[in-house]
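Student: What follows is a predicted protein model with its sequence.
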Amino acid sequence: MILEAVNVSCRYGGFTAVDNVSLALESAEILGIAGTNGAGKSTLFAAIAGQQSASAGRIVFDGQDVTQLAPYQRAQRGLVRTFQVPREFKSLTVHENLMTAGRNPEGEQLFSALIGTPARRRRERELSDQADGILEFLNLVRVRDVFARNLSGGQKKLVELGRVLMRDPRCILLDEPFAGVNPVLIDEICSHVLALNARGIAFIVIEHHLQALKALASRLIVMDRGIVLAQGDPHKVLDDPQVQEAYMGGIA
Ligand SMILES: Nc1ncnc2c1ncn2[C@@H]1O[C@H](COP(=O)(O)OP(=O)(O)OP(=O)(O)O)[C@@H](O)[C@H]1O
Ligand SMILES: [Mg+2]
């Protein structure tokens with residue numbers, strides 16, 4: 001077991017966005033999370049990765065309770081997430097965007113802190129090489145020196161994935177990796193996720209695109225209004241009458 005969320009709740013003021021949700025993720029697993037808009041999916045990710053503090057419950061990563069840790073401390077342990085709306089630096093190139101996400105020996109994230117001493121120049125070289133390796137893996141070499149603001153929606157999603165790969169993660173939370181992405185690139189992102197999973201990285205993938213989610217995930221959780229409505233085999237879960245009702249017949 002790489003990750004566990006135990007009875008997690010999250011509130012925004014008096015509103016409970018995540019209500020006593022538990023999940024467990026095996027080290028080599030891809031878990032899907034689906035659910036209607038506002039179900040609490042992204043809030044659950046924020047609680048797991050640390051951007052949002054849980055009002056109840058705990059997060060256990062690799063056997064350690066990380067509930068009180070900051071996001072960067074969870075990332076150092078190998079637990080990272082992407083955001084629903086990609087957070088690239090628009091006026092940096094693709095390669096620079098990856099470099100800013102890498103860590104230096106002090107655990108800082110700022111690229112600017114690396115400029116200067118020979119040791120830091122060496123580290124910069126290492127980060128640069130690591131970024132180039134990831135760009136090659138993600139098929140992004142041709143846009144290496146393009147400013148991020150000029151990328152397509154799908155390319156921005158790939159850069160978002162590239163940025164978290166710079167942390168050498170063991171578990172990646174992907175928040176809607178296929179939203180606004182063309183079908184060809186969806187297939188490509190799927191194959192990258194499967195290849196990374198084959199190397200031992202566990203994933204939780206939030207997606208409205210159920211077809212793609214079924215292709216990736218061996219297990220599916222459906223959330224609705226803060227709670228887990230159903231979970232299990234993706235095909236069975238999507239046939240569940242409660243799930244069908246929550247989607248008001250709107251799913252394939
Ligand atoms: N910062 C915030 N302050 C107050 N309420 C919030 C905040 N963020 C989210 N919410 C509310 O919490 C609930 C869950 O939101 P969340 O973004 O987690 O849903 P989601 O399942 O990711 O939805 P979507 O599929 O639309 O991304 C929603 O009702 C939302 O309006
Ligand atoms: Mg969301």
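Tutor: Good, I have the coordinates. Residues are numbered from 1 along each chain as shown. Ligands and ions are numbered 1, 2, ... in the order given.
Student: Now do stretch 165-175, average pLDDT.
Tutor: In this model, stretch 165-175 carries a mean pLDDT of 97.
Student: Next, the distance between the ends of it.
Tutor: 15 Å (CA to CA, to the nearest Å).
Student: What residues sit buried inside it?
Tutor: Using 16 or more other CB atoms under 10 Å as the test for burial, stretch 165-175 gives 165, 166, 167, 169, 170, 171, 172, 173, 174, 175. Using the backbone N, CA and C atoms, a C-beta is placed for each residue, glycine as well.
Student: Next one: the fourth one from ligand 1, what distance?
Tutor: What it means is residue 169. With distances taken as CB to the nearest ligand atom, to the nearest Å, residue 169 is found 21 Å from ligand 1.
Student: Please give me every residue in contact with that residue.
Tutor: Residue 169 sits next to 75, 78, 79, 80, 201 when contact means CB atoms under 8 Å, 6 or more residues apart in numbering.
Student: Give me the neighbour count for the residue in the stretch 51-200 of the chain that ligand 1 sits nearest to.
Tutor: Of all residues in the stretch 51-200 of the chain, residue 84 sits closest to ligand 1, at 5.6 Å by CB to the nearest ligand atom. Here the number of neighbours of residue 84 (other CB atoms under 10 Å) works out to 16.
Student: Contacts only, for the spatially closest residue to it that is not a sequence neighbour.
Tutor: Spatial nearest neighbour of residue 84, excluding adjacent residues (CB to CB, 6 or more residues apart in numbering): residue 175 at 4.4 Å. Residue 175 sits next to 41, 42, 45, 81, 82, 83, 84, 206 when contact means CB under 8 Å, 6+ apart.
Student: quick one: secondary structure of residue 195?
Tutor: Classification of residue 195 by DSSP: H, G, I helix; E, B strand; the rest coil places it in helix.
Student: tell me the mean pLDDT for the helix of greatest length in the chain?
Tutor: What stands out as the longest helix in the chain, according to DSSP state H, is helix 118-137. The average pLDDT within helix 118-137 is 91.
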